[in-house]
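**Q** How does the following fold in three dimensions:
(2 chains)
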Number of protein chains: 2
Amino acid sequence: MTPEQPSTHTISCDPFPGSQKIYVKGNLHDIEVAMREISLTDTKLSSGNKEINAPVTVYDTSGPYTDPAIAIDVRKGLPRLRQSWITKRGDVEQLPEITSDYGKKRLYDTSLDHLRFEHIQKPLRAKAGSNVTQLHYAKKGIITPEMEYIAIRENQCIDYLKEVLNGQYETLAQQHAGHSFGANTPKGLITPEFVRQEVAAGRAVIPSNINHPESEPMIIGRNFLVKINANLGNSAVSSSIEEEVEKAVWACRWGADTIMDLSTGKNIHETREWIIRNSPVPIGTVPIYQALEKVGGRPEALTWEIFRDTIIEQAEQGVDYFTIHAGVLLRYIPLTAKRVTGIVSRGGSIMAKWCLAHHKENFLYTHFEELCEIMKQYDVSFSLGDGLRPGSIADANDAAQFAELETLGELTKIAWKHDVQVIIEGPGHVPMHLIKENMDKQLKECHEAPFYTLGPLTTDIAPGYDHITSAIGAAMIGWFGTAMLCYVTPKEHLGLPNKKDVKDGVIAYKIAAHAADLAKGHPGAQYRDNALSKARFEFRWEDQFNLSLDPDTAREFHDETLPADGAKVAHFCSMCGPKFCSMHITQEIRDFAEKNMVEKSEEFKQQGSELYL
Amino acid sequence: MTPEQPSTHTISCDPFPGSQKIYVKGNLHDIEVAMREISLTDTKLSSGNKEINAPVTVYDTSGPYTDPAIAIDVRKGLPRLRQSWITKRGDVEQLPEITSDYGKKRLYDTSLDHLRFEHIQKPLRAKAGSNVTQLHYAKKGIITPEMEYIAIRENQCIDYLKEVLNGQYETLAQQHAGHSFGANTPKGLITPEFVRQEVAAGRAVIPSNINHPESEPMIIGRNFLVKINANLGNSAVSSSIEEEVEKAVWACRWGADTIMDLSTGKNIHETREWIIRNSPVPIGTVPIYQALEKVGGRPEALTWEIFRDTIIEQAEQGVDYFTIHAGVLLRYIPLTAKRVTGIVSRGGSIMAKWCLAHHKENFLYTHFEELCEIMKQYDVSFSLGDGLRPGSIADANDAAQFAELETLGELTKIAWKHDVQVIIEGPGHVPMHLIKENMDKQLKECHEAPFYTLGPLTTDIAPGYDHITSAIGAAMIGWFGTAMLCYVTPKEHLGLPNKKDVKDGVIAYKIAAHAADLAKGHPGAQYRDNALSKARFEFRWEDQFNLSLDPDTAREFHDETLPADGAKVAHFCSMCGPKFCSMHITQEIRDFAEKNMVEKSEEFKQQGSELYL
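**A** Model prediction:
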């Protein structure tokens, strides 16, 4: 072990407080779906009796790291959960060696041995003539184990949903008339068949490269829970492999549904292998970054051949989705010249420079069908990049941005022709009043393919706090129908995120995503809010902490002013002190009202009147 | 000096980096309006020339503390800016001593001398038969110095506005058709007469107790910049006077437009004096908290007489607005019994308990006209409290909440009859899809009196991060028309905020308020965004930091990964490193495009064609 390789002891793998990992079995397939169950304490009633509070099950992205029963060894990677599902379909073959020339060069370079993952497997690829995408299966009417896994996973609070189906959800649905959520779901309950239908229609994607069997299936679509992505990756200026792996595990712990590895520094290839082998969530990349490394950082030196080799290299490592900036067309580039902030997408600016230098059309656009041919052999999904997204409030919703969006819609249809899954990337920097137009236009132009936005940031004036400027926009666009929100950390515009920044970004985006789920009327979403609020009202402090998105911080903040253990069962807190506690007073009001009601109803009874209640 | 008294050296009074305090003179009155001017560096053009970037003027709530020319001595208090404006009106008299019995008792208690502010002045009160409210003057057609101060202050970027008035603003206004902002303003420019009209109509208030002459005039109304309030105050469990004064100054430094002193612990009276004498912004309180202290914390022991003495005590100290929970009616209390979180407003629960204990109507409601009689003698504004606001997502927009809102509308009309200024408090915890209903209903029921909301929090599941859960709701409701947003700190629900929490809460709310101003189409708002984005794009790092809401944090975050001084003029940053810099590439695109354009236009010229541009 050199210090450059990750070691297990630096990886976060404690279970969450008051929680246990549970596994729910499938019906159609031999699968076990991981969830987190939070145990609650009893409510002490003023009568002296107790009320039992049922445990709360929540969607869990943390993978095996939070299950003490599973031994974690980052040098070996995670268990290969989907391996048998993939091979049993009979449509893949194991290649004798990797296909990419560059990949081979790295693999056989002994000077890299000290930082190479030790257990690299030979890649899988679709057999000749086969198409191994989830979209392909869905269109053929096949419900894959991945689809059933997702159906169970999305119905996190099964018991609550049953309760909800007895009438309650109808009310919710009526309240939220006009919003799209659940419009196609059988009263909000997610079934495996519903998952299949949404994938088949292109309204949802399941990023699931056959070479990333470690990932737990998840879905990105607006009729499901809103997902979030966390960007990681080293640059030429900072960070090590170890840091990046721990950041990935850390991001998943706090709720990242996918990870994008945006490394631009040294050893991109080797770093990526470590991350994928240890990631329980799908991994995305922007392959043009690595392609650019290969040509010494000169965009004009890029070629289709180098790019092609790069995506094969990455597909065979197991990358689940690629950001491809195929919509940056030559004719759109002049539309950005008068912007306040020009082109801020790295991929977009690289392609724009290539187009201008050669005065040719973007090779990602001209070779798009060849890309599809490659991606369907591994089930890599397209994340069609918005290379011309606005980088400031001033540039929001301009001609360049919307022209590119129309082209992404055109490319979506081509990808679908090949049964390749597609999501569409969106902005960026957009003031609140212009957000909805983005969503509406995306749905229309891109035929309801899932939208995946970066924020958007609703103002430019708060560097250092862009997790907040953007959580506002993210919550809103999530409500309007965006399927996945790409997080923004406090370091955005200023530097690379450290572990604290990653957590701050993830939590801000879990908040945005959950707020969106509530606003969309997701039938299961409010269960956790209600359980936490009940715990809060009843001064069940530990339950309040454990039900929260970040139990560690909630507990730490509480203990800053009232650290004594006794304070966690006290019926007051440091905000008001014992005498002024409104929750305490309300309980008295309830008791008073109850007593009064009983007295009054006794009175009425004695008067021979009807029961007063 | 005892350790319990504040000392000047602990008070934050540095100027902002790259900034100077400027004072703009009035036309109608002999006034000087404080603003902050941020100097910018030149842009280095690729031609070798320089482009001069004009300084940016921003609204400044920090008061004299950021002006190095003014000596700060917290033991003496701030300069009494409005003193002569108030006395010149000829409608006030100085009382021989304070009126409140409790106040006298505290004043003459020598055991409190060690923590008493040394320079307490005798209070002012309206002469018999006079009404000294800004609403009263406004209705009479008088433009006060306060109104002119506000008009100048709100037009922070005068030069930009002039530019904007040449057509640009028309476009903005069209973009935002359907929103109320500026509907009544002369093309968005705030005039003193416009301020008067908005106050006269009750659509805006100027909290300005005649006994708080230290405060710089500000306005709360939906046709002005969205304002934010920061809550402070000690409780029985923690904090000292010194901490509270510094927290108030600190909150103003980062952008608090008003401060609410919610102290519930010891020495409330003395703490308040220190805060008011040193506060450049209006101060609000919830007088029932102190009244409850006076009766040993037993709500049922409260009386109108004790409450009356308390508001006179506070009015004569200089409190600018009172939260009064006069809408918690006896008949509404049972509506809260089945809530998940009952009554969470402290004031609301105190009044509810009083009503139930006595089975009588709320004495704040039955004595409302007497309250008006007192408040108009000092120009204390009503902030009609929402004692029945929802404390959880589950309880949002319920019958109890909306019943109280209707009563607040009724009380607004009574207050206006007395020319007493009114704002209306709002929730609380509300999921995104139910926020707009709050705003619409408030405008309708409360006759367009300004709305002042606490958040709202858009989910309950993130204690420790409620500045974020609520900034989302605050930004949205601010866009919809809320005039002032009461901040929520990360410690909400967990403990009392420390200085870091206060700053985090204030910055989150400055973001929300500014995002709302952008979305409302405030003509001056986007100027700062544009200036910052231009600086960012041009790698003018220092300008980017100085234009941001929190220059210290922006600089610190940048320096974490690239601390060298050279990096602040480097044309790249740690996110991508020099080769991958999209902004760098865009500049190359611009240069390339420009060069190409020139070449092409030369070509065309030679061909005798028209100029190609």
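**Q** Dump stretch A:189-204 to CSV, keeping only the CA atoms.
**A** C-alpha atoms of stretch A:189-204 as CSV (Å, rounded to 0.1, in the frame of the first residue of the first chain):
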residue,chain,number,x,y,z
LEU,A,189,-48.1,3.2,-5.6
ILE,A,190,-45.0,2.4,-7.7
THR,A,191,-45.3,-1.1,-9.3
PRO,A,192,-42.6,-2.9,-11.3
GLU,A,193,-44.9,-2.6,-14.4
PHE,A,194,-45.2,1.1,-13.8
VAL,A,195,-41.4,1.4,-13.7
ARG,A,196,-41.2,-0.5,-17.0
GLN,A,197,-43.8,1.7,-18.6
GLU,A,198,-42.0,4.9,-17.6
VAL,A,199,-38.7,3.6,-18.9
ALA,A,200,-40.2,2.4,-22.1
ALA,A,201,-41.8,5.8,-22.7
GLY,A,202,-38.4,7.5,-22.2
ARG,A,203,-39.8,9.5,-19.2
ALA,A,204,-37.4,7.7,-16.9
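**Q** buried sites along that stretch?
**A** By 16 or more other Cβ atoms under 10 Å in any protein chain shown, the buried positions in stretch A:189-204 come out as A:189-192, A:194-204. Where you see a C-beta, it was placed from the backbone N, CA and C, and this is true even at glycine.
**Q** who's in contact with that stretch?
**A** Applying Cβ atoms under 8 Å, 6 or more residues apart in numbering or on different chains, the contact partners of stretch A:189-204 are A:28, A:134-135, A:138-139, A:141-143, A:147-148, A:150-151, A:154-155, A:161, A:165, A:184-186, A:205-206, A:219-224, A:412, A:416, A:421-422, A:447-450, A:483, A:523.
**Q** and what of stretch A:59-70?
**A** Stretch A:59-70 has contacts (Cβ under 8 Å, 6+ apart) with A:11-16, A:19, A:21, A:34-36, A:72, A:78-79, A:153-154, A:156, A:216, A:218, A:225, A:249, A:252-253, A:255-257, A:279-281.
**Q** what distance separates it from the centre of its chain?
**A** Chain-centre distance of stretch A:59-70: 16 Å, with Cα atoms, centre = their mean, to the nearest Å.
**Q** Give me the distance between the two termini of it.
**A** Terminal residues of stretch A:59-70 lie 19 Å apart, using Cα to Cα, to the nearest Å.
**Q** buried residues in that stretch?
**A** Those would be A:59-67, for stretch A:59-70 by 16+ other Cβ under 10 Å.
**Q** What is the nearest of these to chain B?
**A** Comparing the buried residues of stretch A:59-70 against chain B with Cβ to the nearest Cβ places A:Y59 closest, at 12.1 Å.
**Q** Only the buried residues of stretch A:433-448, if you could.
**A** Result for stretch A:433-448 [16+ other Cβ under 10 Å]: buried residues A:433-435, A:438-439, A:441-443, A:445-448.
**Q** tell me the mean pLDDT for that stretch?
**A** For stretch A:433-448, the mean pLDDT works out to 97.
**Q** what does that stretch contact?
**A** Stretch A:433-448 has contacts (Cβ under 8 Å, 6+ apart) with A:201-203, A:396-397, A:402, A:405-406, A:408-409, A:412-413, A:422, A:424, A:426-427, A:430, A:451, A:453, A:456, A:458, A:473, A:476-477, A:480-482, B:175-176, B:179, B:479, B:518-521.
**Q** With stretch A:299-310 instead?
**A** The contact list for stretch A:299-310 (Cβ under 8 Å, 6+ apart) reads A:100-102, A:287-288, A:290-292, A:294-295, A:349-351, A:353-354, A:357-358, A:363-364, A:366-367, A:370, A:374, B:585.
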